[in-house]
Structure formats: structure tokens, C-alpha cells
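Novice: what's the 3D shape of this:
(chains A, B, C and D)
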Protein chains: 2
Amino acid sequence: MTVYSSSANVSERQAAPPSLAISTVIFALRPSATSGRPTLWLPLVRRIREPFKGLWALPGGPLSHDESLQDAASRNLRETTGLSPSYLEQLYAFGGLHRSPTQRVVSIVYWALVQPTEAALADESENVRWFRADRLGDLAFDHNAIVDYALWRLRNKLAYGSIAYHLLGEYFTLAQVREVYEAVLDRQLDPANFRRQLKSTPEIEETGEYLQGGKHRPPRLYRYTGRPGLDPDNRSTP
Amino acid sequence: MTVYSSSANVSERQAAPPSLAISTVIFALRPSATSGRPTLWLPLVRRIREPFKGLWALPGGPLSHDESLQDAASRNLRETTGLSPSYLEQLYAFGGLHRSPTQRVVSIVYWALVQPTEAALADESENVRWFRADRLGDLAFDHNAIVDYALWRLRNKLAYGSIAYHLLGEYFTLAQVREVYEAVLDRQLDPANFRRQLKSTPEIEETGEYLQGGKHRPPRLYRYTGRPGLDPDNRSTP
DNA sequence: TTAGTTTTGGTCAAAGTGACTATAACTAAG
DNA sequence: CTTAGTTATAGTCACTTTGACCAAAACTAA
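Specialist: Next comes the predicted model:
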């Protein structure tokens, strides 16, 4: 891919077509350091070159010629964190004129949910670290705004239904689902009422198993049976 | 902008970065030719070169270096139809590998609503024509799928609220709003119940005026007061 | 055995929804 | 001038959904 150095002059910059990049906002549930309750976290990578060298940024990279947008997103997700997502959807195409100080970049951003079993194995290093979604510092480019928008979309999708389960494992208790809602919406929910709603949705299947090992009455385990997609890239999957 | 001819060989094509284009799906209400009731229409342009020469396609064009994505969308909307939209939102970025037979194209597609007063003035010519949204033939590229997705989004937004008014003029009767819903959702709605719902939404303001000249009891005129946006590009507008 | 905590199943009133009836207000035909 | 036809508008009624709350069941830890 052609690289436009930061010393490119104005006419060179105007002649260049906007470059196209793919980024991903990856959400996973992790226990809060303080309360121990599950909260939203996401991995960021440290920039090792200008612009914004040293700042944290969303994982991303250029679009290669032989892969679809979705494939590019899941590839750079795998490359930076070692994860494969249980849910992946296009978020938005950001194309403002001054997103990057050195060149015009159009970023097609995806957002992903990963299950906690996977998230626990995620690579972490000097230049890849997980942060609480509500405690990010100043990120590179317009990435703070992108994360805010992703959070807004996540909350919306949650209300819609059929998304919380992608942050959980295959089997889960109804209380765990409630904790996901509480973490994302950032408010307490009535356990009894919440349970009533979930029990009335046909995609949530009761299993015969119970979660053992807790301190109190063992809760029943459930399973999610239902398809995610309403994206153009997913819509026709039966 | 660089043009890749259809005779480009494989290595040339692989070397070229995906080209970036903006397209728009423009909806307006027009009376049906048969029933006279309002239905959804959209303007298409005839392709004057290969690929798909002679077929109808969504209005669109390349992204120029000095305009935002949204500006590019409203510009090519104005250039092809002479219209300026009352509502404009990003739909999706389509980037499949084989959308165009000659080169890799990533299209960022916007969708727009225009008011009928404007839609009536829209340019029409040999190569620009309006079609009923539910009676399109085979379009160029993947444009049929794009229109289908835009229709799906329109129906969804409608249920959400606060979008139907952008297809109407400044003043409207409650029956006109109902006709918009009936046209988009393609089913009849109970006038009394529909009215009850609209009257309970605070963004719809009763005026002292009545629509005169009809055959029957003159209906009261209403006005919409409320902001559209929840897009990243619109969210911060107060 | 008992205290503590979570799961689970309920009730009750308020609010919302869909189907339907009835009256008001206007035009056009007679 | 009267009346039939049509739309606008208001209201009723049964049913469903929602939020707040109560209570029993089931387990652990002391």
C-alpha cells in the first residue's frame, strides 16, 4: 500500500485519493477491579509512529485487496488480540476531513463482542492492553468519539434484544444476563421483572443443568438459540 | 481520479487500492399512477458506460478530497436530481469483492428523504427517471440489494418515530402521516388508534389552521418540532 | 439448626394497544 | 333545503405489558 509521509506537501496530498482503513471496537465483559461485578472492557493498541505516537488507539489497519470489509475487520481483530469474535457488525464509516493530521483517511469501523472464555486468553503486551470502556483516557485521532458511538449502538441493540448473549458463554444463568444489562446500561434492574421478560422470549431455552459451586441457591442454566444478523452482510444467512 | 479500464489485467487490478465511491438512495412520496394514494419513489440514473451500460443505477460518484462523506452525498444528490434533502443519513458501506466486474469498489451509501414540494421540481431527463420503490427492474451492480436494505432501514426508523415528517411538508394532517406509514409499511392502519398515538407524542404540534378544499370535513393541520439525528455526524447538533 | 442470600414464582395497579362504536363537520347530489 | 356519503375526531372495552413489590424455595456457612 502506498504510504504518504507526513512531509507530503499540499498538492501531493490533494492529488492522493483518501486512503481506506478498517478499525474495530471490541467489547468483552471482565470483572471490575473494585466491585468484582462484570463491566465492559476493550483492547487498545499503542501507536508506535506518528501521528499520535505513544497514544492508545483502536486496532485497525489497511484494507487488503482480496478480502471483504468484514473479513478485514475480523483479521485485524485476530492479529492484534488473538480473538475471534462471536458477533461482528459494521458500525459506521468515518470520513471527516481532518481525522488524521497527515492525510485524508476514511475508516470503516466494525464493532465486535467476544465471549469471556475467549477474552481471558486474549493477548496482552506492552503495546496491547485492555481498558474499561468507561475509563478511557485521550485516544488517538477521533477514536474517543468512535467508542462513544459504539457504546451508544451497543445500548440500543441491547434494548432491541438478541445481543447480550454474545458477551456470555454458551450456557448462562438469567442473573448473568441481567448483569450484562446492568453493566451496559449502567443501572440496576429488578431481578424478578427481568426474569419474567426473558422467560417470555422464545429464543432462550431452559436446560436441565444448574450452576453449582455458588454460595446460594443454584440457578438454572439457559442457552440462547437465535440468529444475530440484520446487516446486509448477514441478512440472507438462514 | 484514476480510472481503471475494463481491460486492466490481473496484476494491475491487484496493485490498485480499492476505489471509494459515494451513492445515495433518495426516497420521496408521489401519488401512485393507479390508486392515487402516496407511494415511495426514488430517482435512478442510466449508466452511459460499461459496466452495466444502459441499466439503471443509484446516483453516485467518487469522493472528492475536500468534502466530507455527507457533503459528497448531498452534492451528488443535488447534481443528479437538483434536490436538497430534508433528511440524510449514512446507510452502510458496501465492500464486497465482486460488486463491480472491472475493479474493486467500496461504496459508502447514504439514504435521503425529500419533501414532496421539492420532489415535484426534481429534474427528470432521458438519463434520470423516478421509479416506484416496489417496482424496480434489475439494477446495475448490487443496487437492488442496497435499495432493499434502505427500505428495511426506512421501515425500522419509522417504527422508531420521528422520520415520517421528513417526507411531508412543514404542515400536514394526521391522515397524511398515516398515509406515509401505510405506504412504507404496506398495510392499513386504524385511523382512530393511529391518531391517538400521534396525539400523545409531544413533538407534534397542533396549529390553528385547517386544510381547506377537500371533499369532506376539513382536517386540522399539524407541525413537527423535533430534531432528527442520532448519527455520529449529527449527534452533537443541539 | 439457623441466619443469610439468591432464585424463583407470584400479585396488583398503571399504562399501553387493538378492535370497535359513535358523533361531528363538511361536500355533493337530489 | 335536505339528505346521503365521507372523513375527522372522540370514546369504550377487553387484553397485554410494565414497574413495584411480596413471599416462598433452595442452597451455604456458621
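Novice: Residue ranges in chain A under the pLDDT threshold?
Specialist: A:1-16, A:228-230, A:234-238 (pLDDT under 70).
Novice: Grab the longest strand from it for me.
Specialist: Longest strand of chain A, by residue count under DSSP state E: strand A:19-31.
Novice: Please identify the pairing partners of that one and their relative orientation?
Specialist: Partners of strand A:19-31 in the sheet, by DSSP bridges, are strand A:38-46 (antiparallel), strand A:60-62 (antiparallel), strand A:105-113 (parallel).
Novice: and that strand, how far from the chain's centre?
Specialist: 5 Å (CA atoms, centre = their mean, to the nearest Å).
Novice: So it, near DNA strand C or not?
Specialist: No. Interface with DNA strand C: strand A:19-31 contributes nothing (CB under 7 Å from any atom of the strand), its closest point being 14.9 Å away. In this view, the C-beta of every residue, glycine as well, is placed from N, C-alpha and C.
Novice: how about that strand: buried residues?
Specialist: Across strand A:19-31, burial judged by 16 or more other CB atoms under 10 Å in any protein chain shown covers A:19-30.
Novice: Now it - C-alpha only, PDB.
Specialist: Output of strand A:19-31 as PDB, limited to C-alpha atoms (Å, rounded to 0.1, in the frame of the first residue of the first chain):
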ATOM      1  CA  SER A  19      -6.900   6.200   2.000                       C
ATOM      2  CA  LEU A  20      -9.200   3.500   3.300                       C
ATOM      3  CA  ALA A  21      -8.700   1.800   6.700                       C
ATOM      4  CA  ILE A  22     -10.600  -0.700   8.800                       C
ATOM      5  CA  SER A  23     -10.900  -0.400  12.600                       C
ATOM      6  CA  THR A  24     -12.700  -2.400  15.200                       C
ATOM      7  CA  VAL A  25     -14.200  -1.700  18.600                       C
ATOM      8  CA  ILE A  26     -14.000  -4.900  20.600                       C
ATOM      9  CA  PHE A  27     -16.100  -5.300  23.700                       C
ATOM     10  CA  ALA A  28     -15.800  -8.000  26.300                       C
ATOM     11  CA  LEU A  29     -17.000  -8.500  29.800                       C
ATOM     12  CA  ARG A  30     -14.500  -8.500  32.600                       C
ATOM     13  CA  PRO A  31     -14.800  -8.300  36.400                       C
END
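Novice: Can you show me the strands along chain A?
Specialist: Using DSSP E, strands in chain A cover A:19-31, A:38-46, A:56-57, A:60-62, A:87-94, A:105-113, A:128-132, A:171-172, A:204-210, A:220-224.
Novice: what does the longest helix seen in chain A rub up against?
Specialist: As assigned by DSSP state H, the longest helix anywhere in chain A is helix A:143-160. Residues outside helix A:143-160 that contact it (CB atoms under 8 Å, 6 or more residues apart in numbering or on different chains) are A:23, A:25, A:27, A:40, A:42, A:57-58, A:91-92, A:94, A:107, A:109, A:111, A:133, A:136, A:138-139, A:163-164, A:180-181, A:184-185, B:230, B:232, B:235.
Novice: coming back round to it: packed most tightly, which of the strands of chain A would that be?
Specialist: strand A:105-113 (a mean of 24; mean count of other CB atoms under 10 Å in any protein chain shown).
Novice: got a markdown table for the strands of chain A, with distance to A:Arg195 too?
Specialist: As requested, the strands of chain A are exported to a markdown table (distance: least, CB to CB, whole Å):
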| stretch | distance to A:Arg195 |
| --- | --- |
| strand A:19-31 | 20 |
| strand A:38-46 | 18 |
| strand A:56-57 | 39 |
| strand A:60-62 | 40 |
| strand A:87-94 | 24 |
| strand A:105-113 | 23 |
| strand A:128-132 | 28 |
| strand A:171-172 | 13 |
| strand A:204-210 | 11 |
| strand A:220-224 | 11 |
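Novice: To B:Thr207, which of those strands lies closest?
Specialist: Of all these, the one in closest proximity to B:Thr207, counting by CB to CB, is strand A:87-94 (36.8 Å).
Novice: Name every strand pairing with the closest one and say which way it goes.
Specialist: For strand A:87-94, pairing defined by DSSP bridges yields strand A:105-113 (antiparallel).
Novice: now the strand it pairs with against helix A:143-160, angle please.
Specialist: 40 degrees (axes from the mean of the first three to the mean of the last three CA atoms, to 10 degrees).
Novice: Beta-bridge partners for the residue nearest the centre of chain A, please?
Specialist: For chain A, the residue nearest the mean C-alpha position is A:Ile26 (2.5 Å; CA atoms, centre = their mean). Beta-bridge pairing for A:Ile26 (DSSP bridges): A:Ala112.
Novice: Would you mind naming what in chain A lies close to DNA strand D?
Specialist: Residues of chain A found near DNA strand D (CB under 7 Å from any atom of the strand) are A:190, A:192-193, A:196-197, A:210, A:214-218.
Novice: Apply 10 Å and report the result again.
Specialist: A:188-197, A:200, A:210, A:212-219 (CB under 10 Å from any atom of the strand).
Novice: could you flag which of those are buried?
Specialist: Applying 16+ other CB under 10 Å to the residues of chain A next to DNA strand D flags A:Phe194 as buried.
Novice: give me the beta-bridge partners of A:Arg129?
Specialist: Bridge pairing for A:Arg129 - DSSP bridges - gives A:Leu44.
Novice: Contact partners for it?
Specialist: A:43-44, A:46, A:56.
Novice: from these, which is closest to DNA strand D?
Specialist: Nearest to DNA strand D out of the contacts of A:Arg129 is A:Pro43 (CB to the nearest atom of the strand; 33.4 Å).
Novice: What's the local residue count around A:Ile163?
Specialist: 19 (other CB atoms under 10 Å in any protein chain shown).
Novice: For A:Tyr181, see how far away the residue lying closest to it once chain neighbours are set aside is.
Specialist: Of all residues not flanking A:Ile163 in the chain, A:Lys157 sits nearest, at 4.4 Å (CB to CB, 6 or more residues apart in numbering or on different chains). Distance of A:Lys157 to A:Tyr181, given as CB to CB, to the nearest Å: 12 Å.
Novice: Then A:Ser107?
Specialist: Taking CB to CB, one finds A:Ser107 at 30 Å from A:Tyr181.
Novice: show me what contacts the residue nearest to the centre of chain A?
Specialist: Counted by CB under 8 Å, 6+ apart, A:Ile26 has contacts A:42-43, A:59, A:77, A:81, A:83, A:85, A:111-114.
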